[in-house]
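Peer 1: attaching a predicted model along with its sequence, questions to come.
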Amino acid sequence: MASKKTNRVAGVIAGMLNTVSYILLIVGISLALSTFGILVANDVLALIKDSGEMTVELKAETTPAEVALLLQEKEAIEYPWAFELFSQLKKVESFPAGTFTIDTSMDYNQMISALRKTT
């Protein structure tokens, strides 16, 4: 009889460990996804960014992918793929040639507007 009781206790403990492991996995994945979402949202919306002006020179008509890489090199944005996606959502196919001044505290929409202004 002790053997059946021991097996039952072991089964309950194993079930509890599986449940706790599953909960920890779900919480860990949730934390990772929410942290990633907050970091990307901060970059897109410029919620917490240092202010500083910079000049961006586009030699010829430039695609959003090229502009995104240039802005990342100049440390105006952190996620070029997010800038590209945002540009696609705004239906921006290219940026005109020219020299533009942007502030690093601008959100993506403001940067796109600034980079599309022709004088």
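Peer 2: Arrived safely, thanks for sending.
Peer 1: counting by contacts, list what the helix or strand hosting residue 113 packs against.
Peer 2: Here residue 113, judged by DSSP states H and E, is contained in helix 108-116. Applying 3 or more Cβ pairs under 8 Å, 6 or more residues apart in numbering; DSSP states H and E, one finds that helix 108-116 makes contact with helix 2-45, helix 80-89, strand 98-103. In short, each C-beta sits where N, CA and C put it, glycine included.
Peer 1: mean neighbour count, these: which tops it?
Peer 2: When neighbours are counted by mean count of other Cβ atoms under 10 Å, the highest per-stretch mean among those falls to helix 80-89, a mean of 17.
Peer 1: what's the helix holding residue 113 in contact with?
Peer 2: Residues outside helix 108-116 that contact it (Cβ atoms under 8 Å, 6 or more residues apart in numbering): 43-46, 56, 58, 67, 71, 76-77, 82-83, 86-87, 90, 92, 95-96, 100-103, 106.
Peer 1: buried stuff in that helix?
Peer 2: With burial defined by 16 or more other Cβ atoms under 10 Å, the residues of helix 108-116 counted as buried are 108, 111-112, 115.
Peer 1: could you count how many residues lie near the closest residue to residue 107 other than its chain neighbours?
Peer 2: Of all residues beyond its chain neighbours, the one nearest residue 107 is residue 46 (4.1 Å), with distances taken as Cβ to Cβ, 6 or more residues apart in numbering. If you count neighbours by other Cβ atoms under 10 Å, residue 46 ends up with 20.
Peer 1: what sits against the most centrally placed residue in the chain?
Peer 2: In the chain, the residue lying closest to the centroid (Cα atoms, centre = their mean) is residue 40, at 2.5 Å. Remark: with contacts taken as Cβ under 8 Å, 6+ apart, residue 40 is in contact with 79, 82.
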